[in-house]
Structure formats: C-alpha cells, structure tokens
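K.L.:
Give me coordinates for this.
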Amino acid sequence: MVAGLILREARLVGSAGLVDVVVRDGRITSVLRADDEPPAVPTGLEEVRLDGRWLGAGLWDSHVHFTQWVTLQRRVDLSGTGSPEEALAVVAEALAARPADGRPLVGYGFRDGLWPHPPSLAALDAVAPDRPVVLVSGDLHCGWVNTKGAALLGITPDEFGLVRETEWIGADHRQLGGLPEVGEYRETALAAARRGVVGVVEFENADNLTDWPARVAAGVDALRVQAAVWPDRLDAAVAAGLRSGDPLDPEGLITFGRLKVVVDGSLNTRTALCHDPYPGLDPAHPHACGVQSVHPSQLRELLETAYRNGVEAAVHAIGDKANQQVVDEFERLGVAGTIEHAQLVGAADFERFGRLGLIASIQPEHAMDDRDVADRHWAGRTDRAFAFRSLHEAGAVLRLGSDAPVAPLDPWISIAAAVGRSRDGREPWHPEQRIPLSVALEASTRSRVAEGEPADLVVLDHDPTTLSAEKLRELPVAATLLGGRWTWNSL
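P.N.:
Residues are numbered from 1 along each chain as shown. Alright, predicted model coming up:
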C-alpha cells in the first residue's frame, strides 16, 4: 500500500523555481527546492514527476445546491429563451418528444427579468392541459407552473402562473422526480474534481447532515463538503450537540457548516429587498422594493440560537436594504458571519463588512449573467452592484462560489469573472470592480502548498497568473489530489 507521494519538479503557482513536495498521511510534510540535493524516495512513497507543471492549492466552491446541479441534465433547458413565447415553444417541443406517462415535465433556466412581458398561466395550461409542467427560474427563486403542476406541488400560482420566494422554496420539490441515484452524485463530484475542485459548501434545502455522510458511505468521496442546515432543522442539529466544523463521517470529508437563512429574494425575480422600488411598480405595491422573507427580529432570534450553540451563520442577502439589515444584526450581536451574495451594498455598509470581519460569499459569474438586468432594474446604482473590489478594499473576507446550478460548478469560471468582469467578447462591466487574480485564487481555496497543510492540490499545465480572463475560463486541469489521493489524474 502506498503511504504517500513525492511530487517531483513542480512549480508553485506564480513562481518559477522548481520544488519537490512530499505528501504523507494526507498532508504535506515538506516542500523542498528541487535544485537542492534531491531526497531519496522513502519506502512506500510513490514518485510522480510533474516535469515543471504548476502546483496549487485545491479549489473550493463556496456556494452550491448540489442536488439541483446533479439533476440539471434531466431538465428541459430554458436558459436561451428570451420571451414567454420562446419558452412555451421549447416546452411544447419537449412534450411532443416525451411519452405521455403522467410524469411532470420540469424545465430550468428561464430568466424573465428582461422579457418583454410577463408569462401566463393560461398559456402554459394551453400548451400542457393534461400533464404537470414546472419551470424553474434560473435564479431558483420562482417557478412558472401550469394548473396541474401547481396541484402536484401544493402551491398557488398568480395569474401569470408564477410562485415566488417562501412558498416556492418551501414546496416539496421531491414530487418532481425524487433524488438522483448515488451514481449520478458520484459522477457529478468527479466532474468537479476534474476542474480542480476539492470542496464545496452545500446549501441545498435538504437534510444535508444525514444525506451527505450516507453518500460518502456509498462512494461519493471525491469532495469535501461543508453541509449547511436550514432553520427548520436547526433545533434538531442543536439537540444533537452539533457545532460548526464538527465532522459528520468517519473519513472527515463532511463537516457541519452553517445555518442558512434567506432574508430576501433575487434580482431576476425582482424580489431582492432594496431601498428603492423596482421600475414600473407603483411605490404603494406591497413588494415594490422586493420581498422580506425573514424579518430582522426573526433573523435575530435565529442568530442568537445558532451562535449560543456554536453554530455559525450564512445569511442570503441580495438587495441593499437586506444587506444593511443583516449587517445590522451581526453588529448588534457582536458576531462575525457570512453574507451570501451581497450583490447590492449601500455605500455606507462596505466599511462595516471589513470592520465586523464579515465574509462576503460572492458568485462573480452572476455579474456576467445579470449585468443587463441590473442596468435595467438597478439603474443608477450599479456602481455598488457586484462590487467585489469595494468589498475587498473595505476588508471583507471574500469567498468565491457558483450558486450551482445558477452558474456552473467550476471555480475557474468564477475566477475569470472576478478578474475580468467580461464574457462573450463584451466590454468589461464596471471594470473598476475587478479584483486581482491573487485575491480571487485565495478566495477560491482553503489551504496552501506548505508544510503541515492538507494535501488538497491541483496540478496545471499552465500558470494561471499569465493567462487572460477568457483563457482562465477554460484552463485545463491535469490532476487533482484530495487528502493525498488522486480524484483526477491525466498526467
């Protein structure tokens, strides 16, 4: 049995000199200059020559909905539709191609923030009068359903066929086909490893503390997972004596992460809670400025319960009013935490992120997906939208993620968006908010290539510090190590 590895002639990312890296029992035990007298290979160590390839810390995606990422391939792709009519045409084609077996047709990816007019319940019923149809928005914050789809999920759509926020998120989505097979989770985890990923932060609204250890036991072992708990499962976690960071499986791959609280909606659904109303809405409309899913007093109670019991928190806040409220509560309680998304931040609140030691868990590819939506619905405020550099310079700790399936589970895409602020040949959007590659890499890792660190490593054929943002998106990964074992190896 191999007790470890010695990786010969590696270049550390961003440097030119060659090193030899020794790995034992899942950790880096030494990093030696290769031009020194090369150490003999101890008994039981496998020697792997990297021949000058670049070696870096393995990558993390700090915000995923893993089950929904796994099931993406099962769903009808609506991401390219630019109107309700285009979406209906895709649905009609999918219905014609699939047997009428009574199972729901599920689509994913419509983004109606720029559609010329709202969708229609009647139109969706006309296309599918006899079969449940459930269409999930690209931001996961609303669904467009027909009458049979609404009955299946036990939800009540409005005249447009839309169900938003709390009612939508709390619906029993297992009715749409149940959980994927273990093999699907395994293949999806391995696909992430092929992009250099060693860990993810799981925010699926599910029993993550039970589901993920069971998956590891069944062979889904290519990733570390920090598993979040939602408010309805917080009391059970506290009663079990669990604290953030506690291992949940014998291998230590799964750890208890944070309490996830969603206090507002999203930009595309026009439910992110803002100080200013959305264009075209009467200021007297009850949701003219977005949706308050959790009131500050409720958030305070949840945070007090969590922190009193050793559970840290990650709070979803997208609009500037929501971010202000969440920062207020962290400041009031005197605790640090994570704000997920932090997409629109008030000018006075950047400084507080840094002063309070808050983590801004951001998804840079969302800025590329939503730049036109932001220009329309947050007009005059986009200088502080997706403001990565402002957050960094204020002292916030940045963590990069994808929010998969909202964006692909691929940290190189997130890194490219953070440093380039452009995609598809377009001019950079608010280029003043770009962050340096060194910052983006640090925000995408949890360890270093140094003695005593976990041997969670990525091997690259190219030095990412020399590549353009567009090249970073497609950067090949030669190999990935998780705790000293190969989860991907094309060497």
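K.L.:
backbone phi and psi for Pro119, please?
P.N.:
phi -70, psi -180 (degrees, to the nearest 10).
K.L.:
so where's the stretch 1-150 of the chain shaky on pLDDT?
P.N.:
In the prediction, the stretch 1-150 of the chain carries residues with pLDDT under 70 at positions 1-2, 36-43.
K.L.:
Which parts of it are helices?
P.N.:
Assigned by DSSP state H, counting those that start in this stretch, the stretch 1-150 of the chain shows helices spanning 66-70, 84-97, 121-127, 147-153.
K.L.:
Redo those as a markdown table? Include distance to Ser137.
P.N.:
All C-beta spots, glycine's among them, are computed from the backbone N, C-alpha and C. Formatted as a markdown table, the helices of the stretch 1-150 of the chain follow (distance: least, C-beta to C-beta, whole Å):
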| stretch | distance to Ser137 |
| --- | --- |
| helix 66-70 | 12 |
| helix 84-97 | 11 |
| helix 121-127 | 14 |
| helix 147-153 | 14 |
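K.L.:
Quick one: closest of those to Ala396.
P.N.:
helix 66-70 (25.6 Å; C-beta to C-beta).
K.L.:
Tell me, how many residues neighbour Ala347?
P.N.:
For Ala347, the number of neighbouring residues by other C-beta atoms under 10 Å comes to 12.
K.L.:
rewinding a little: what's the closest of the helices of the stretch 1-150 of the chain to Gly58?
P.N.:
Taking C-beta to C-beta, helix 66-70 is the member of the helices of the stretch 1-150 of the chain nearest to Gly58, at 17.3 Å.
K.L.:
so what secondary structure elements neighbour that closest one?
P.N.:
With contacts taken as 3 or more C-beta pairs under 8 Å, 6 or more residues apart in numbering; DSSP states H and E, helix 66-70 sits against helix 182-193.
K.L.:
And the helix it packs on, what's buried?
P.N.:
Glu184, Tyr185, Arg186, Glu187, Thr188, Ala189, Leu190, Ala191, Ala192, Ala193 (16 or more other C-beta atoms under 10 Å).
K.L.:
who's in contact with the helix or strand just after that helix?
P.N.:
Remark: after helix 182-193, the chain's next helix or strand is strand 197-202, criterion DSSP states H and E. With C-beta atoms under 8 Å, 6 or more residues apart in numbering as the test, strand 197-202 has contacts from 58-66, 192, 208, 212, 223-228, 257, 314, 361, 401, 409-411, 446, 456-458, 480-482, 487.
K.L.:
Which ones among these lie within strands?
P.N.:
Using DSSP state E, the subset of these located in strands is 59-64, 224-228, 257, 314, 361, 457-458, 480-482, 487.
K.L.:
Out of the buried residues of helix 182-193, name the two that are farthest from one another.
P.N.:
Of all pairs in those, the most separated under C-beta to C-beta is Glu184 and Ala193 at 15.1 Å.
K.L.:
Could you pull out the strands in the stretch 151-300 of the chain for me?
P.N.:
Taking DSSP state E, counting those that start in this stretch as the test, the strands found in the stretch 151-300 of the chain are 162-164, 197-202, 224-229, 254-262.
K.L.:
What are the structural domain limits within this protein?
P.N.:
Listed by automatic domain parsing, the domain ranges of the chain are 1-57+449-491, 61-65+183-448, 67-176.
K.L.:
rewinding a little: can you tell which of the helices of the stretch 1-150 of the chain is closest to Leu179?
P.N.:
Nearest of the helices of the stretch 1-150 of the chain (C-beta to C-beta): helix 66-70, 6.5 Å.
K.L.:
Next, report how far that closest one is displaced from the centre of its chain.
P.N.:
Distance, stretch centre to chain centre, for helix 66-70: 11 Å (C-alpha atoms, centre = their mean, to the nearest Å).
K.L.:
again, but for stretch 442-451
P.N.:
The answer for stretch 442-451 is 19 Å, by C-alpha atoms, centre = their mean.
K.L.:
Confirm for me that Asp276 is in contact with Gly346.
P.N.:
No - using C-beta atoms under 8 Å, Asp276 is not in contact with Gly346; the gap is 11.0 Å.
K.L.:
Tell me how far Ala347 lies from Arg384.
P.N.:
6 Å (C-beta to C-beta, to the nearest Å).
K.L.:
Over to Pro180?
P.N.:
Applying C-beta to C-beta to Pro180 and Arg384 gives a distance of 39 Å.
K.L.:
Equivalent analysis for Ala404, please.
P.N.:
26 Å.
K.L.:
looking at it, Val13 is touching Leu467, isn't it?
P.N.:
No - Val13 is beyond contact range of Leu467, at 11.2 Å (criterion: C-beta under 8 Å).
K.L.:
ends of stretch 228-242, how far apart?
P.N.:
Start to finish, the residues bounding stretch 228-242 are 12 Å apart (C-alpha to C-alpha, to the nearest Å).
K.L.:
Show me what that stretch is in contact with.
P.N.:
With C-beta under 8 Å, 6+ apart, stretch 228-242 has contacts from 201-205, 207-209, 248, 256-261, 302, 305-306, 309, 311, 314.
K.L.:
at 6 Å what do you get?
P.N.:
The contact list for stretch 228-242 (C-beta atoms under 6 Å, 6 or more residues apart in numbering) reads Phe203, Asn205, Phe256, Gly257, Arg258, Leu259, Lys260, Leu302, Asn309.
K.L.:
how about it: buried residues?
P.N.:
So stretch 228-242, judged by 16+ other C-beta under 10 Å, has buried residues Ala228, Val229, Trp230, Pro231, Arg233, Leu234, Ala237, Val238, Leu242.
K.L.:
quick one: it to chain centroid distance?
P.N.:
The answer for stretch 228-242 is 22 Å, by C-alpha atoms, centre = their mean.
K.L.:
In TSV, list the helices of the stretch 1-150 of the chain along with mean neighbour count and distance to Trp429.
P.N.:
Shown next, in TSV, are the helices of the stretch 1-150 of the chain (neighbours: other C-beta atoms under 10 Å; distance: least, C-beta to C-beta, whole Å):
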stretch	mean neighbour count	distance to Trp429
helix 66-70	24	25
helix 84-97	16	25
helix 121-127	17	33
helix 147-153	19	35
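K.L.:
With Glu351 as the reference, name the closest of those helices.
P.N.:
So among the helices of the stretch 1-150 of the chain, helix 66-70 is nearest, using C-beta to C-beta, at 34.5 Å.
K.L.:
which residues sit against that closest one?
P.N.:
Taking C-beta under 6 Å, 6+ apart as the rule, helix 66-70 contacts Pro180, Glu184, Tyr185, Thr188, Glu202, Glu204, Ala404, Pro405, Leu409.
K.L.:
Out of the residues you listed, flag the one nearest to Asp112.
P.N.:
Distances from Asp112 to the contacts of helix 66-70, taken by C-beta to C-beta, are shortest for Pro405, at 17.1 Å.
K.L.:
Correct me if wrong: that closest one contacts Gln73.
P.N.:
No - here Pro405 does not reach Gln73: they are 10.0 Å apart, not a contact under C-beta atoms under 6 Å.
K.L.:
The two: which is more packed in?
P.N.:
Pro405 (24 against 12).
K.L.:
ok, that one to Val201 distance?
P.N.:
15 Å.
K.L.:
Looking at the domains of the chain, which one is packed in the most?
P.N.:
Burial of the domains of the chain is given as mean neighbour count (mean count of other C-beta atoms under 10 Å); domain 61-65+183-448 ranks first at a mean of 20.
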